[in-house]
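In: below is the structure, and that's it, no one-letter string:
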């Protein structure tokens, strides 16, 4: 039963929710009537699965981080929804300009194209955030999490949230993509991030090389800086394989996640920290700190 659940969770919930979203919108149901309820339902389902079949039981316990992660979650969802409201307000202006968007294609294909554009933009900024010091200071807020669970997929500095989403969203707006298509693509990415950071024991077999699911992404959250230089993909792990940034890791990642660097633990402190003088340091210095790994998942269940 546990094995069946492990291999069915992602296809049924993520795949099923994507199909439901696209079919409903193709049938003429407006995105606001189907998108937000679907996000809420899947989020609650993932939260419940974390209790039923956790990947690591020690990640179930609040480490005085839940309030901070919820604040990041609410703030970043507000940013993404705010961008949609902005694009909707600018739609009349955009409609007066030439459009290169393939609106004659089926809605499912349009959503796929939009998701690929957003996902590639996320990959590009994520990769740059591990190279450019100023971006790393912002991105390190995400890496400061000492456990991985579905809510802290949204533990991102607000400025970094804007920077990560900007390339894909601006490209889609420039191409003339309808706001409903952009909204659907954002929902698909958000739904995937629920699973990418879910503390749920689930597997995808060989398809883990196609989709950046938890068993791949957890290697990106290891404590040592040199261990996290790869597996940057948000949705499609294919980007990492295409651009040579896939980490050559197999099996379950150690549970020792976070940073060997002291960062504020509260929401407002984390928003201020990247701009403080004491944050301006070589991120690779964390690799020189004494490092003790926690046991593997199989030893803690």
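Out: Sure, I can see it. These figures come from a predicted structure and were not determined experimentally. Residues are numbered from 1 along each chain as shown.

In: mind checking how far stretch 247-266 is from the chain centre?
Out: 16 Å (C-alpha atoms, centre = their mean, to the nearest Å).

In: so which bits of it are buried?
Out: By neighbour count on 16 or more other C-beta atoms under 10 Å, the buried set for stretch 247-266 is 247, 249, 252-259, 261. All C-beta atoms are positioned from the backbone trio N, CA, C, and that covers glycine.

In: where does the chain have low pLDDT?
Out: Residues of the chain that meet the criterion pLDDT under 70 lie in 1, 277-301.

In: determine which residue lies closest to the centroid of it.
Out: Among the residues of the chain, the one closest to the centroid is residue 193, at 3.8 Å (C-alpha atoms, centre = their mean).

In: now that residue: closest residue in space, sequence neighbours ignored.
Out: Counting by C-beta to C-beta, 6 or more residues apart in numbering, residue 153 is the residue found nearest to residue 193 once chain neighbours are left out, at 3.9 Å.

In: for residue 177, same thing?
Out: Leaving aside its chain neighbours, residue 177 sits nearest to residue 101 (4.9 Å; criterion: C-beta to C-beta, 6+ apart).

In: that neighbour: what secondary structure?
Out: coil (DSSP: H, G, I helix; E, B strand; the rest coil).

In: burial measure for residue 72, as a count.
Out: 26 (other C-beta atoms under 10 Å).

In: could I get the contacting residues of the residue nearest to residue 193?
Out: Listed by C-beta atoms under 8 Å, 6 or more residues apart in numbering, the contact partners of residue 153 are 193-194, 196-197.

In: give me the distance between the two termini of stretch 51-63.
Out: Stretch 51-63 stretches 16 Å from its first residue to its last (C-alpha to C-alpha, to the nearest Å).

In: quick check: buried residues in it?
Out: 53-56, 59.

In: contacts for that stretch, please.
Out: By C-beta under 8 Å, 6+ apart, the residues outside stretch 51-63 that reach it are 2, 5-6, 9, 50, 146-149, 198-202, 214, 255, 297, 300-301.
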